[in-house]
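Engineer: Task: produce atomic coordinates for the following.
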Amino acid sequence: PGLLVHSENGLTVALDVSISEELHKEGIARELVNRIQNLRKDRGLEVTDRIGIRLGANDIVRASVETNLDYICSETLADSIETNQSNLLEAIEVTLEEGVSTELEITKTNEG
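Structural biologist: Numbers count the residues shown, from 1 in each chain. As a prediction, this is how the structure comes out:
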């Protein structure tokens, strides 16, 4: 369990394919960045526009954001990220890896 093994021509290779909690959180953060960037594009924001991000209540996403906050902010030009929010008026539902989903709302915070 947790290993992927392949043998060919007398050579055997075994890979550890188990995912650590840290790697799982990084995967969620990377997918979240992708969804945020797509939403920026859909909303017609410029590449240099700074944004604020609000996410719905989801403990897995919150933990991933907390662990990868600097990465997410730098990749998306986010001035702030608020998690565990309710009453998101213009949010879209996004599904990340393994069925993890949350609501996502972005707002432009400057003129770029």
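Engineer: C-alpha only now, for contacts and for neighbours.
Structural biologist: OK.
Engineer: Quick one: mean pLDDT over the helix or strand harbouring residue 30.
Structural biologist: For residue 30, the host element (DSSP states H and E) is helix 21-42. The predicted model assigns helix 21-42 a mean pLDDT of 95.
Engineer: how far does the next helix or strand after it sit from the chain's center?
Structural biologist: For helix 21-42, the following helix or strand on the C-terminal side (DSSP H and E) is strand 51-56. Here strand 51-56 shows a centroid-to-chain-centroid distance of 12 Å under the convention C-alpha atoms, centre = their mean, to the nearest Å.
Engineer: Report how many residues lie close to residue 85.
Structural biologist: By the criterion of other C-alpha atoms under 10 Å, residue 85 has 14 neighbours.
Engineer: Just want to check the distance between it and residue 12.
Structural biologist: For residue 85, the distance to residue 12 equals 50 Å [C-alpha to C-alpha, to the nearest Å].
Engineer: Also compute the angle for the helix holding residue 30 relative to strand 51-56, please.
Structural biologist: With axes from the mean of the first three to the mean of the last three C-alpha atoms, to 10 degrees defining the directions, helix 21-42 sits at 120 degrees from strand 51-56.
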